[in-house]
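1. coordinates only, no sequence provided:
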């Protein structure tokens, strides 16, 4: 499916937009929250981290970073235990505000055994329109970024199954609009999976509403779920028919108690010859859902519990567990987690993880 309408809208928007540093700084925060460590840290510390900022007149540069060290113990019933200690994440971000209307940000990422040496994880410029739309000022984000497909809120160390299935990272143009109680985004990008003529042929869209304080509802859509980072397609040269993906999510916060729920799935089935049956995609129409309950008994401690499952993905795995996150200070977070996994054709797995994260 070629998203010609969205591509045309984005092309028109690009001709009338100017780069805005304040909008791109807010967008950087939103994208960084994909790493749920930042979301957990915000709950259990009393102050915001003050990154290193240098100003020369109207020009400013802000440097920030994140370091995560993890120790884990995994026991698969009927086999030996496997333990590990690793520097799981090093993230360096630079935000440049060159004038009231010009800015950009770059994020470098290093993950042990995954991204060595460090790679450019994000590189985005943000443009803001001189004209308003529906009473709001639209902004356009251009560059390598995480698409707003799925919400992936979590109070756990481990990523939810919805993120593992749906997270999508690519170079895109994303048009965003935000009101007092709602936000919407639509984006276009060149698909990397379908063997076609190339060009901007894939789309993403998301809408969120906050009908009352503490309650957020949303839905998102991706024109081809095979474009996600899950690597679902077996032979890209044979892939012809796009399989859209969609998600719905809700978050509810009441005092110190929070509830998060999300469902993400393919809108139709993959053809059997085009999927990696026996790998992560173990059926033709993958879906995943996640429910989490969080509680903050006192200022520096958050407790979270998760129950999640997948169908036609990762052998119909069911996972549940708990995480305790404690703010050692405004810059450091200590967390421990237990996660149980049970999938078809495999023995139950018990995973224990401890994480120390430092943000600056």
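-> Done, it's in. Bear in mind the structure is a predicted one, so any value in this text is a computation, not a measurement.

2. which helix or strand in this structure has the lowest average pLDDT?
-> One helix or strand of the chain scores below all others by mean pLDDT, DSSP states H and E: strand 18-19, with a mean of 33.

3. partners of residue 209 in the sheet?
-> residue 182, residue 217 (DSSP bridges).

4. contact partners for it?
-> 181-182, 216-218 (Cβ atoms under 8 Å, 6 or more residues apart in numbering). Bear in mind the C-beta positions are built from the backbone N, C-alpha and C, glycine included.

5. for residue 250, same thing?
-> By Cβ under 8 Å, 6+ apart, residue 250 lies in contact with 215-218, 259-262.

6. next: residue 87.
-> Residue 87 touches 67-69, 112, counting by Cβ under 8 Å, 6+ apart.

7. how about a cut-off of 7 Å?
-> Taking Cβ atoms under 7 Å, 6 or more residues apart in numbering, we find residue 87 in contact with 69, 112.

8. can we start the residue count at 33 from this point?
-> With 33 as the first residue, the last one maps to residue 119.

9. now do the SS call for it.
-> Here residue 119 is recorded as strand under DSSP: H, G, I helix; E, B strand; the rest coil.

10. please name the bridge partners of it.
-> Beta-bridge partners of residue 119, as defined by DSSP bridges: residue 101.

11. just residue 387 next, same as before
-> Applying DSSP bridges, one finds that residue 387 bridges with residue 102, residue 367.

12. so what's it scoring on pLDDT?
-> At residue 387, the model reports a pLDDT of 96.

13. residue contacts, it?
-> Residue 387 makes contact with 100, 102, 189, 367, according to Cβ under 7 Å, 6+ apart.

14. run a quick neighbour tally on the closest residue to the first one other than its chain neighbours.
-> What that stands for is residue 100. Ranked by Cβ to Cβ, 6 or more residues apart in numbering and with sequence neighbours excluded, the top spatial neighbour of residue 100 is residue 121, at 4.0 Å. Residue neighbour count, defined by other Cβ atoms under 10 Å, stands at 20 for residue 121.

15. so residue 121 sits right up against residue 144, yeah?
-> No - checked against Cβ atoms under 7 Å, the pair residue 121 and residue 144 is beyond contact range at 8.3 Å.

16. what mean pLDDT does stretch 236-253 have?
-> The pLDDT scores in stretch 236-253 average 97.

17. now, which of the contacts of residue 387 sits nearest residue 204?
-> Comparing those against residue 204 with Cβ to Cβ picks out residue 100 as the nearest, at 26.4 Å.

18. and that closest one, how far from residue 193?
-> 21 Å (Cβ to Cβ, to the nearest Å).

19. which of these two has more neighbours?
-> Using other Cβ under 10 Å as the criterion, residue 100 and residue 193 rank with residue 193 on top: 25 against 22.

20. mind telling me what element the closest residue in space to that one that isn't next to it in sequence is part of?
-> Excluding the flanking residues, the one nearest residue 193 by Cβ to Cβ, 6+ apart is residue 320, at 4.0 Å. Assessed by DSSP states H and E, residue 320 sits inside strand 319-330.

21. residue 279 in helix, strand or coil?
-> Classified using three-state DSSP, residue 279 is strand.

22. the residue nearest to it when sequence neighbours are not counted bridge partners, please.
-> The spatial neighbour of residue 279 that comes closest, neighbours along the chain excluded (Cβ to Cβ, 6+ apart), is residue 296 at 4.0 Å. Taking DSSP bridges, one obtains residue 279, residue 320 as the residues bridged to residue 296.

23. quick one, which of the contacts of residue 241 are buried?
-> Among the contacts of residue 241, those scoring as buried are 214, 248, 250 (criterion: 16 or more other Cβ atoms under 10 Å).
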